[in-house]
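In: Sequence below, structure please.
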Amino acid sequence: MTEETREEISEWDSVSERLSLAIERIREIPAETEADPRVLPFFAREAVYITDVFAWRETDPLSISEEENRDWQEKLFGELRDRYDESYLNPVYAEKELGTYGRTLTFLAAELSGLPAYLVDGEPVRAAAVLELFLEIYSLFLEEKHPNVSALESAVEYYALDYIEPFEELRLRATTVFTENTAYKIVTEAELKDLRYLYRYGEYISDNERELAKYLLTLPDEEIRAMAETFTKGFRRGLETMQVDFTGKNSVSIRYHIGQERLVREVIRSFEKMGLRSILHRYAVSRLNRRLVRLVGFESTPANRQFIFDHRMDDALFLTPRYATRKINAVERAYKEIEEYLPGYAGPAVIETFGEVLFSPEIREEAAAWTEEQTEIDRRIVTQSGLISEKYLPGDSYSFSIISFPLPEIGEEERFREIFRETVRLNTLSNDEYLPIQQALIDTLDRADHVHVIGKNGNRTDIRVKLRKLLNPEKETQFENCVADVNIPLGEVFTSPVLKGTEGTLHVSFVYLNGYRFQDLWIRFRDGVTEDFGCGNFPDPEDGRKYIRDNILFKHPALPIGEFAIGTNTAAYRMAKNYQIFEKLPILIMEKTGPHFAVGDTCYSHAEDKKVYNPDGKEIISRENDFSLLRESEPEKAYFNCHTDITIPYDELGRLTAVMEDGSETDLIRDGRFVLPGTEKLNEYL
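Out: Numbering: from 1, shown residues only. Take a look at the predicted model:
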């Protein structure tokens, strides 16, 4: 028995009595009639759900049929997937049926939806906490037929205050410390030909996951091995490029989509050859750990994306100065608890997916939303947590790598297979071929005062990007020559621009960012900082601004341009055009299909003082801006903890021109074609 297994058994034993008592009491609720008739259906329905979850956990998915597993899926996720309009998980329905109690009780239902994950991951503390919250709120309705809403909100607030410390440590351990948890055992031990293994995760399993797993089983071992090595070697090159000392590194965290287990198994083997053990962790389930809509960790196709969006600010129920202080202290304690493991952490390795059905959410007044004061409180938490992370796990002490593959949802079977094969080809393009082409762009850009970008074909982009003046051009450069290491596939040159003097409007006809679709998106910049913005997603322009503030600015009043880049992967552009999948490409690939601008932190966030060099030996000096310069004097103002790339595709690009200090101009791209000598080969796909 491993030490991790002993600790897991001990933890279960220590709270097993609490769980048993809670479940025993919850089983009685559906037959009770004492509470307010208006709320009884809520408690009865949730009690049945809880009972079903625990019954499911006693069932081995491998010992029952595929049909029986799908029956369990219906019990666990059917309401979320098929009956959301009449579900208490839906804030609109909850308010309609429960009145002023709706806001608190829909939060409670959302927290309870994480039970399958807690039970699979061996986290009884989380399970006990949410079950006891459920019973506490139910008891309020037994003690008083119509309790004050404030009493319910107080129960939720104390749930957050009492459990943020253990929840924070559990989350940090899961993401940075190796353990042979359930996910690791599934990936490394499961008989992958028996697709029933997918149901062991406790996640919603759709045709995406089943068909993806099936397809990977058809590929030859050598092809899977080559895909894995492209990824892991890129990670290792990233460590070298970022000059991270590999000495003592012993772990890497892998984020993946359920259904990719055959590939992930080979990735684990490849990392083991480098001396790295692989950490597999789920996305943050509880609102105590998750921020907005970010799902970081292994995941499956969401049963309902609107649900995730509706509950993105559920922490409004407890986001107070008191909670912020408790949360920040909990983050510090969590890092102290695992401090001994952190020097061995080499960073995250992310296997992204793309191709899901496009989603544009509805903005609903009934959903919880932060006040202006709470927005500031959240910003304080994010800033202070980032500083604590940097203290214990400096950004220059680890690297990362990211690669992407399509989901079956992208098209019919043969179309999916074609796109998959084409994506694999993109991921293995030759670094040696692209390095000199990108260097030609850099050599011209290094002489420029600024870059002028103008759109066409209805694209209203007109922006000037200010660049630094090199003091020693023989040894310095402004742009990184980026090939396939941390970002796969290859294909961009990028810099952190000078903010003062960066002016104008960025516009794209459509883009898919952070899981959401933006139509007719525009952002106006003054001195490199967002001044105004809008989109065409909603009839009311103010709804569009709110949508952008929530999902691009992440509640910041304004953000700087952290990156300006020119994508050179015209092969990716051709693939997107051939299959008409521009809207479905992930940012990882989309950013290589034209010039792009990132709002938020620079690419060198928290690592500005570490020297970085291009393959030609020149030091990249454009690693910071006016905000990150404050990292010593006013660290709370230096970073925003977000970075969102927005790409102008080649067919919306009129001119991209390097403007010299004397006013002379050199076009790099004109009418969507590369025109700079030495870059002509990129036009073969255009």
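In: Lowest mean pLDDT among the helices and strands of the chain, which one is it?
Out: Least confident helix or strand of the chain, by mean pLDDT, DSSP states H and E, is helix 3-26 with a mean of 70.
In: Wasn't residue 45 part of a helix?
Out: Yes: under DSSP: H, G, I helix; E, B strand; the rest coil, residue 45 falls within a helix.
In: now stretch 567-576, how far from the chain's geometric center?
Out: 23 Å (C-alpha atoms, centre = their mean, to the nearest Å).
In: per-residue confidence averaged over it?
Out: Per-region confidence: stretch 567-576 scores 94 on mean pLDDT.
In: what do you get for stretch 93-113?
Out: Regarding stretch 93-113, the rounded mean pLDDT is 97.
In: Name the residues of it that are buried.
Out: Going by neighbour count (16 or more other C-beta atoms under 10 Å), the buried part of stretch 93-113 is 93-95, 97-98, 101-113. Yep, even glycine has a C-beta here, placed from its N, CA and C like the rest.
In: Return the distance of that stretch from the chain's centre.
Out: Offset of stretch 93-113 from its chain centre (C-alpha atoms, centre = their mean): 26 Å.
In: Could you do stretch 139-146 as well?
Out: For stretch 139-146, the distance to the chain centre is 40 Å (C-alpha atoms, centre = their mean).
In: Run through who's touching that stretch.
Out: Residues from elsewhere that reach stretch 139-146, judged by C-beta atoms under 8 Å, 6 or more residues apart in numbering: 34-36, 39, 43, 147, 151-152, 155.
In: Generate a PyMOL selection restricted to the buried subset of the residues you listed.
Out: The PyMOL command for the buried members of these (criterion: 16+ other C-beta under 10 Å) is given here:
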select buried, resi 35+36+39+43+147+152+155
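In: for the contacts of stretch 139-146, which one is nearest residue 672?
Out: Lowest distance from residue 672 to those (C-beta to C-beta) belongs to residue 152, with 57.0 Å.
In: right, and residue 470 touches residue 449 too?
Out: No: taking C-beta atoms under 8 Å as the definition, residue 470 is not a contact partner of residue 449, at 11.3 Å.
In: what about the helices in the stretch 451-600 of the chain?
Out: 541-551, 570-579, 587-590 (DSSP state H, counting those that start in this stretch).
In: in the chain, which segments are predicted with low confidence?
Out: Applying pLDDT under 70 to the chain picks out residues 1-13, 515.
In: tell me, what's touching residue 470 and residue 449 both at once?
Out: With C-beta under 8 Å, 6+ apart, residue 470 and residue 449 have no common neighbours.
In: report the longest strand in this structure, please.
Out: The longest strand of the chain (DSSP state E) is strand 498-513.
In: How far away from the center of its chain is that one?
Out: On the basis of C-alpha atoms, centre = their mean, strand 498-513 sits 22 Å off its chain's mean C-alpha point.
In: repeat for stretch 655-669
Out: On C-alpha atoms, centre = their mean, the centre of stretch 655-669 falls 36 Å from the chain's centre.
In: what ranges do the helices span in the stretch 201-350 of the chain?
Out: Using DSSP H, counting those that start in this stretch, helices in the stretch 201-350 of the chain cover 207-218, 221-241, 261-273, 305-310, 321-337.
In: Distance to residue 374 and mean neighbour count added to these, as JSON lines?
Out: Listed next are the helices of the stretch 201-350 of the chain as JSON lines, based on distance: least, C-beta to C-beta, whole Å; neighbours: other C-beta atoms under 10 Å:
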{"stretch": "helix 207-218", "distance to residue 374": "35", "mean neighbour count": "18"}
{"stretch": "helix 221-241", "distance to residue 374": "37", "mean neighbour count": "19"}
{"stretch": "helix 261-273", "distance to residue 374": "38", "mean neighbour count": "20"}
{"stretch": "helix 305-310", "distance to residue 374": "17", "mean neighbour count": "20"}
{"stretch": "helix 321-337", "distance to residue 374": "9", "mean neighbour count": "18"}
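In: Take those and write them to JSON lines, including distance to residue 508.
Out: Formatted as JSON lines, the helices of the stretch 201-350 of the chain follow (distance: least, C-beta to C-beta, whole Å):
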{"stretch": "helix 207-218", "distance to residue 508": "27"}
{"stretch": "helix 221-241", "distance to residue 508": "28"}
{"stretch": "helix 261-273", "distance to residue 508": "32"}
{"stretch": "helix 305-310", "distance to residue 508": "21"}
{"stretch": "helix 321-337", "distance to residue 508": "35"}
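In: on that earlier part again, from the helices of the stretch 451-600 of the chain, which stretch is densest packed?
Out: Of the helices of the stretch 451-600 of the chain, the one with the most neighbours on average (mean count of other C-beta atoms under 10 Å) is helix 587-590, at a mean of 24.
In: before we move on, back to that, to residue 423, which of the helices of the stretch 201-350 of the chain lies closest?
Out: Ranking the helices of the stretch 201-350 of the chain by their distance to residue 423 (criterion: C-beta to C-beta) puts helix 221-241 first, at 9.9 Å.
In: Contacts for the closest one next, please.
Out: Contacts of helix 221-241 (C-beta under 8 Å, 6+ apart): 216, 246, 249, 252, 262-263, 266-267, 269-271, 274, 346-347, 349, 351, 399-401, 403, 424, 427-428, 484-486, 488, 612.
In: Any of those buried? List them.
Out: The buried subset of these (16+ other C-beta under 10 Å) comprises 216, 249, 252, 262-263, 266-267, 270-271, 274, 346-347, 349, 351, 399-401, 403, 424, 427-428, 484-486, 488, 612.
In: Which ones among the buried residues of stretch 93-113 map onto helices?
Out: 93-95, 97-98, 102-112 (DSSP state H).
In: list the contacts for residue 73?
Out: Taking C-beta under 8 Å, 6+ apart as the contact definition, residue 73 lies against 199, 204-205.
In: With residue 600 instead?
Out: By C-beta under 8 Å, 6+ apart, the contact set of residue 600 is 554, 559-560, 562, 640-644.
In: ok, now residue 203?
Out: Neighbours of residue 203 in contact, by C-beta under 8 Å, 6+ apart: 116-117, 258, 299-300.
In: again, only this time at 7 Å
Out: Counting by C-beta atoms under 7 Å, 6 or more residues apart in numbering, residue 203 makes contact with 258, 300.
In: what separates it from residue 120, distance-wise?
Out: In this structure, residue 203 and residue 120 are 9 Å apart, going by C-beta to C-beta, to the nearest Å.
In: what's the closest of the helices of the stretch 201-350 of the chain to residue 369?
Out: Comparing these by C-beta to C-beta, helix 305-310 comes nearest, at 10.4 Å.
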